[in-house]
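K.L.:
Next come a sequence and a model predicted from it.
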Amino acid sequence: MSENLPAHAEIVVIGGGIVGCSTAYHLARDHGAEVIVLEQNQLTSGSTWHAAGLVGQLRSSASITQVLRYSVSLYERLEAETGLATGWKMTGCLRLATNAERMTEFKRLATTARSFGMEMHLISPAEVAAMWPLMDVSDLVGASFLPTDGQASPSDITQSLAKGARTHGARFFEGVRVAGFGFENGRIVRVETDSGAIACERIVNCGGQWARQIGALAGVSVPLQPMKHQYVVTQPIPGLARDAPTLRDPDRGTYFKEEVGGLVMGGYEPDPQAWTSGDVPDDFAFRLFDDDFDHFEPHMLNAIARVPALAKVGVRRMIHAPESFTSDGNFILGRAPECPNFFVGAGFNAFGIASGGGAGWVLAQWVMSGEAPLDLWPVDLRRFSAVHADHAWLRERVIEATAKHYTIAFPHEEYLSGRPRLVSPLYDRLKARGAAFGSKLGWERANWFAPPGVERKDEYAMVRQNWFAAVGEEHRATRERVAVFDQSSFAKFEVSGPDAERALDFLCAGDVAKPPGRLTYTQLLNSRGGVECDLTVARLAADRFTLVTGTGFRTHDAAWIRDHIPGGLDIRLGDVTEERATLAVMGPRARELLARISSDDLGAAAFPFGHVRKIGAAGREAIAMRVTYVGELGWELHMRTADAPAVFDALMNEGESLGVALAGYRAIESLRLEKGYRAWGADITPNDNPFEAGLGFAVSLGKRDFLGRTALLEARREPLKKRLASFVCDDEDVVLIGRETILRDGKPVGYLSSGGYGYTLARPIGLGYVKNAEGVSEEWALGGVYELVVAQERRPCRISFEPLYDPKATRVKS
Ligand SMILES: Cc1cc2nc3c(=O)[nH]c(=O)nc-3n(C[C@H](O)[C@H](O)[C@H](O)COP(=O)(O)OP(=O)(O)OC[C@H]3O[C@@H](n4cnc5c(N)ncnc54)[C@H](O)[C@@H]3O)c2cc1C
């Protein structure tokens, strides 16, 4: 092979599994890129060759569902293009429910499918029996059927993609192992292999379960863990239809697929087994583990109970093999935060065949332009942090996430493993006061506070959960008195240096070039005008700014900023998240409370909304920002971590007579929804521009150039085709969680990006985009009669473009 290796390639794809081949195919076909694929063994020899081949499409994100739908459309037509079969069969997929909560989950999923433009039917046990006569349906309460799902032959698709890629000029080199990288100025300039070095511009790591160790060679963390997974292939079963739908029986932990007249049957157990935490051997090609019948036996028993005919046929073979899983069950795509020309497509959680076609399609676009072509946040490599690079922690969390593969997905569920990991300096104090913690990017955060006599533990349900009343009290305290929120986990960056203003001026859609002492709420946009970051910029000095963003966006936002600072500017970007604690003091009595611990003038004239000042607080120094995410008078106090306990104690002691309360993140969610404040990743994403999101007020188009401005100017020429609005249900008992379909005059026009409950309004509320190809004028939008489809039921609601609470912001500015 070595003599054929080129000295240079524009793009080097590492890994000849389905993901590498799909990425190479799309790079070559769609972008005419000069691409080579390096495979250490043979194409498909990693995880791809032994996959079961079920192809499902529906995910909880519209964009990821779009990616998986693209896979199906590709597999349908690939054979015609390349002449190599893919084994694609659109059999549909049945999901079985044996209890009411599972059925509610399916009803919500069917609604989500509709919101995303897909059909998913709910059917009766009798209809299931008619579609799949070999099945025992006696314990079923119902099922869902997604007719466009199907199955394919993993190796055949991969070979077909490789052939398509070759046709468009891609070159494949088998038996070539990547062993290192050469760097210049922080970028990779060379891939080193066991057969020689190749100079290159970009690298795509599609190394499957090896992707972590390939990443490590480049100093890039790819947090995945190989897990063991088993399925059996049976002898032919008399009466089994060749076009039988694929079958998922999550309450029994099993799945089925027809294959050559028999069944492929596998499962997900509550005690999944991790494989190595060290390096995966290079020669693990076309290899399997020894059969583990003991571990598999519960699946076999469950499967026979479901399909009794299985008891009478033999097992032809057992596949026991590794696959890489991640800590949240989603795969990993995108540009590495540690290295600007290193991209990753890995960690496919046993749905890499379903995802491969679409993942390669979007990854190729990402590699070419440096930007995700759509909102890929749920799979973005930048959703992880240093915590995920700790392999012991990761392994524990991945085991927990994998065990949840088939459990009912309750709203508001929290992971339990690997906690506590990062804690605020107030952790023990909050704990002593009844905090029920959740975790976000490793941080423990108080979700709610259990009143005396109430257990501080979430009890998950599809209906209202046990914390509902306690969060209501926190909400009311914020609206009526004053509440203290520990938001120390906020990601905080310092941007400083002579060119700090110029850099931020280019990155931010809002005008940050204000005098020191001013805050700017702003978005950072991509070249399409889509919102990549949503944050607050505080100007502390002519050459120094503090940026505050959401806990979960720490890696993402820092990487976006670093990757897009124009060259040649003299600035420093520092992460000060752990150095500074944050307490938000919010509510009509916030000023009164702060005045008890500070002698600084906090009056409306001296310290107006949108300003930042250094103040004294309980004898310590704090940077006070007059800003709010809950819609009340209030300040965020940022202070040295060591000072936080004293400031907190003073606030709680001095606030007692004012009725101060502690409040958590679930109260914030309710408060911000009433106020119509947007959440990045849900209501505002790279798919949405600020005008569509109702954030035009935060954009300063002016004359200065900034990233995304050209696209915004372009967008302004056309009527808006979608607009974010608030929705409030008339029926107080409806439970909204997001993705409910919005009907206008009975026709679907969008879905909720966020859903929850507003305790001041005493109504379920949500945010969502209303879409119309002819344009969404206010008259058109407000002129309709609205309903929300909630778990398949139509519920009347009202639309509003104004915040549902305090629309004139008089409370915020008081
Ligand atoms: C038992 C089982 C059943 C499954 N069933 C399904 C299913 O029904 N549906 C579904 O969608 N998914 C299923 N999967 C998951 C699916 O197999 C994977 O998600 C998918 O194959 C991952 O593809 P990949 O290209 O990322 O990785 P791989 O196929 O593992 O490809 C990675 C390649 O990188 C190469 N490589 C690694 N290191 C280097 C190096 N240093 N230099 C050069 N090359 C290197 C490897 O040799 C390998 O060929 C299943 C998995 C298992 C284990």
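P.N.:
Yes, it's here. Numbers count the residues shown, from 1 in each chain.
K.L.:
rest of the way, CA atoms for contacts and neighbours
P.N.:
Noted.
K.L.:
if you average pLDDT over stretch 346-366, what comes out?
P.N.:
On average, the pLDDT along stretch 346-366 is 98.
K.L.:
Can you classify the closest residue to the ligand within the stretch 551-700 of the chain as helix, strand or coil?
P.N.:
Among the residues of the stretch 551-700 of the chain, H556 lies nearest to the ligand; the distance is 22.7 Å by C-alpha to the nearest ligand atom. Here H556 is recorded as helix under DSSP: H, G, I helix; E, B strand; the rest coil.
K.L.:
Start and end of stretch 78-95, how far apart?
P.N.:
28 Å (C-alpha to C-alpha, to the nearest Å).
K.L.:
same deal with stretch 505-513?
P.N.:
Stretch 505-513: ends 7 Å apart by C-alpha to C-alpha.
K.L.:
That one: which residues count as buried?
P.N.:
Within stretch 505-513, the residues scored as buried using 16 or more other C-alpha atoms under 10 Å are D505, F506, L507, C508, A509, G510, D511, V512.
K.L.:
quick revisit: any idea of the pLDDT on the residue of the stretch 551-700 of the chain closest to the ligand?
P.N.:
Here the pLDDT value assigned to H556 is 98.
K.L.:
now the one 5 residues further on
P.N.:
Turning to I561, the model gives it a pLDDT of 98.
K.L.:
from here on, count from 609
P.N.:
Fine by me, first position is 609 from now on; the one you just mentioned is I1169.
K.L.:
which ones are touching it?
P.N.:
Neighbour list for I1169: L1115 [criterion: C-alpha atoms under 8 Å, 6 or more residues apart in numbering].
K.L.:
element containing it, please.
P.N.:
If you go by DSSP states H and E, I1169 is part of helix 1162-1172.
K.L.:
list the buried ones in that helix?
P.N.:
R1162, T1163, H1164, D1165, A1166, A1167, W1168, I1169, D1171.
K.L.:
Please narrow the buried residues of stretch 1113-1121 to those residing in helices.
P.N.:
D1113, F1114, L1115 (DSSP state H).
K.L.:
show me what contacts the residue of the stretch 1159-1308 of the chain closest to the ligand?
P.N.:
Here H1164 is in contact with P945, R990, R991 (criterion: C-alpha under 8 Å, 6+ apart).
K.L.:
Please tell me how far the residue nearest to M835 when sequence neighbours are not counted sits from S1097.
P.N.:
Nearest non-adjacent residue to M835, counting by C-alpha to C-alpha, 6 or more residues apart in numbering: A882, 4.3 Å away. Per C-alpha to C-alpha, A882 is found 30 Å from S1097.
K.L.:
who's more crowded, these two?
P.N.:
S1097 (25 against 20; other C-alpha atoms under 10 Å).
K.L.:
Just read off the phi/psi values of the nearest residue to the more buried one once chain neighbours are set aside.
P.N.:
The shortest distance from S1097 to any non-neighbouring residue, by C-alpha to C-alpha, 6+ apart, is to T1159 (5.4 Å). Backbone torsions for T1159, taken as degrees, to the nearest 10, come to phi -50, psi -50.
K.L.:
T1159 against D1142, yeah?
P.N.:
No. Using C-alpha atoms under 8 Å, T1159 makes no contact with D1142, being 12.0 Å away.
K.L.:
Which residue of these two possesses the greater neighbour count?
P.N.:
D1142 (23 against 19).
K.L.:
can you pull the pLDDT of the spatially closest residue to the more buried one that is not a sequence neighbour?
P.N.:
Distances taken as C-alpha to C-alpha, 6+ apart place Q1131 nearest to D1142, at 4.5 Å, with adjacent residues excluded. The model reports Q1131 with a pLDDT of 98.
K.L.:
How many residues are close by Q1131?
P.N.:
26.
K.L.:
and which of the ones in helices among the buried residues of stretch 1113-1121 is nearest the ligand?
P.N.:
For those, the residue nearest the ligand by C-alpha to the nearest ligand atom is L1115; the value is 33.8 Å.
K.L.:
Next up, the contacts around that closest one.
P.N.:
Contacts of L1115 (C-alpha under 8 Å, 6+ apart): L1132, L1133, I1169, H1172, I1173, F1314, L1315.
K.L.:
Please indicate which of those are buried?
P.N.:
L1132, L1133, I1169, I1173, F1314, L1315.
K.L.:
Looking at the fifth one now. What's its pLDDT?
P.N.:
With respect to pLDDT, F1314 scores 98.
K.L.:
ok, it touching C1116?
P.N.:
Yes. The pair formed by F1314 and C1116 meets the contact definition of C-alpha under 8 Å, at 6.7 Å.
K.L.:
So for the longest helix along the chain, mean pLDDT?
P.N.:
Criterion DSSP H: the longest helix present in the chain is helix 670-690. The pLDDT scores in helix 670-690 average 97.
K.L.:
Having no further points to raise, I will conclude here.
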